[in-house]
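Novice: Sequence below, structure please.
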Amino acid sequence: MDSCAQCGKTKAADSTPLKRCAKCKSTSYCSRDCQKSHWKVHKKTCDRGASASSSSSHGVQLHSVDPASFAAGMADDALHALPEKEVYKRLIDSYRLRVEDAYVYSGDPIGLYAGEDPVAGFQEFLDLAEKQGGLLPPWWNKDKRSECVNSGCGGVEWSDLKHAVEKPDIQGHYKDQMMPMKLRVLAEKIYGTHVVG
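Specialist: Purely as a prediction, here's the structure:
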């Protein structure tokens with residue numbers, strides 16, 4: 001029976017099965033906190049298991065997508081039509097997924113995976129977003145930016161900068177199989193590059 005590599009529990013707090021490391025698929029954790037705490041130990045062996053299981057999938061089935069809805073979610077001004085809290089959440093989750101993708105696909109540990117302050121990395125992300133004309137909603141200003149950063153630091157809400165996120169988590173939370181792609185496109189627009197694996 002699997003157990004959490006950090007604390008030894010055999011199930012997560014809510015009795016759900018343990019989750020595996022997204023990169024190597026061989027080490028199990030009961031929570032993001034345990035995964036983060038164990039990272040300095042695990043990163044030494046993680047790459048070895050990744051190549052053997054890189055073809056594994058998370059078992060998520062994609063369903064048909066409404067092309068108009070998908071295109072609207074990818075437009076440069078897609079954030080403009082959303083409520084403030086949803087814009088904050090999308091920006092935070094776009095950054096969190098980018099950190100995950102950089103680690104999983106490029107082997108580039110940044111942010112949480114490098115033991116760095118995730119808030120500082122997110123601030124840099126927002127600096128770049130603000131330089132992209134028309135990407136952020138017209139109401140965006142210094143105060144709204146502070147609200148956005150603060151909403152990612154609460155530790156209670158879904159979009160917590162101090163917790164890693166994976167593609168299946170995004171799909172489940174938003175109940176949208178294409179949301180990871182939308183968030184990745186947003187990050188690509190902000191960074192001006194995509195993650196290469």
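Novice: Let me know how buried His194 is, in neighbour terms.
Specialist: His194 sits with 13 neighbouring residues when counted by other Cβ atoms under 10 Å. Any C-beta I mention is one placed from the backbone N, CA and C, and that applies to glycine too.
Novice: now it: how far from Ala120?
Specialist: For His194, the distance to Ala120 under the criterion Cβ to Cβ, to the nearest Å works out to 22 Å.
Novice: What segments of this structure are strands?
Specialist: The residue ranges that make up the strands of the chain, judged by DSSP state E, are 19-20, 28-29.
Novice: The last one pairs with which strands?
Specialist: Think strand 28-29. In the sheet, strand 28-29 lines up against strand 19-20 (antiparallel) (DSSP bridges).
Novice: Any regions of this structure where pLDDT drops low?
Specialist: Residues of the chain meeting the criterion pLDDT under 70: 1, 12-14, 47-74, 156, 197.
Novice: Need the residue closest to the centroid of it.
Specialist: Among the residues of the chain, the one closest to the centroid is Leu97, at 2.4 Å (Cα atoms, centre = their mean).
Novice: residues touching that one, list them.
Specialist: When contacts are counted by Cβ atoms under 8 Å, 6 or more residues apart in numbering, Leu97 is found next to 165, 167, 170, 180, 183-184, 187.
Novice: give me that answer again for 7 Å
Specialist: Taking Cβ atoms under 7 Å, 6 or more residues apart in numbering as the criterion, Leu97 is in contact with 165, 170, 180, 183-184, 187.
Novice: and Arg90, which of the strands of the chain is closest to it?
Specialist: Among the strands of the chain, strand 19-20 comes nearest to Arg90, with 23.2 Å by Cβ to Cβ.
Novice: Now do the closest one: everything it contacts.
Specialist: Strand 19-20 has contacts (Cβ under 7 Å, 6+ apart) with 26-29.
Novice: Make TSV from these and add neighbour count to it.
Specialist: As requested, the contacts of strand 19-20 are exported to TSV (neighbours: other Cβ atoms under 10 Å):
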residue	neighbour count
Ser26	18
Thr27	21
Ser28	21
Tyr29	26
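Novice: so which pair among these is furthest apart in space?
Specialist: Of all pairs drawn from the contacts of strand 19-20, the one with the largest separation by Cβ to Cβ is Ser26 and Tyr29; the distance is 11.5 Å.
Novice: can you put the contacts of Leu97 in CSV and add distance to Lys144?
Specialist: Putting the contacts of Leu97 into CSV (distance: Cβ to Cβ, whole Å) gives the following:
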residue, distance to Lys144
Val165, 23
Ile170, 23
Pro180, 25
Leu183, 19
Arg184, 23
Ala187, 19
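Novice: ok, so of these, who is nearest Arg145?
Specialist: Proximity of these to Arg145 was ranked by Cβ to Cβ; the top entry is Ala187 with 17.2 Å.
Novice: From Tyr103, how far out is Asp2?
Specialist: Taking Cβ to Cβ as the measure, Asp2 and Tyr103 are separated by 22 Å.
Novice: So for the two, which sits in the more crowded spot?
Specialist: Each of Asp2 and Tyr103 has its neighbours counted (other Cβ under 10 Å); Tyr103 has more, 23 against 15.
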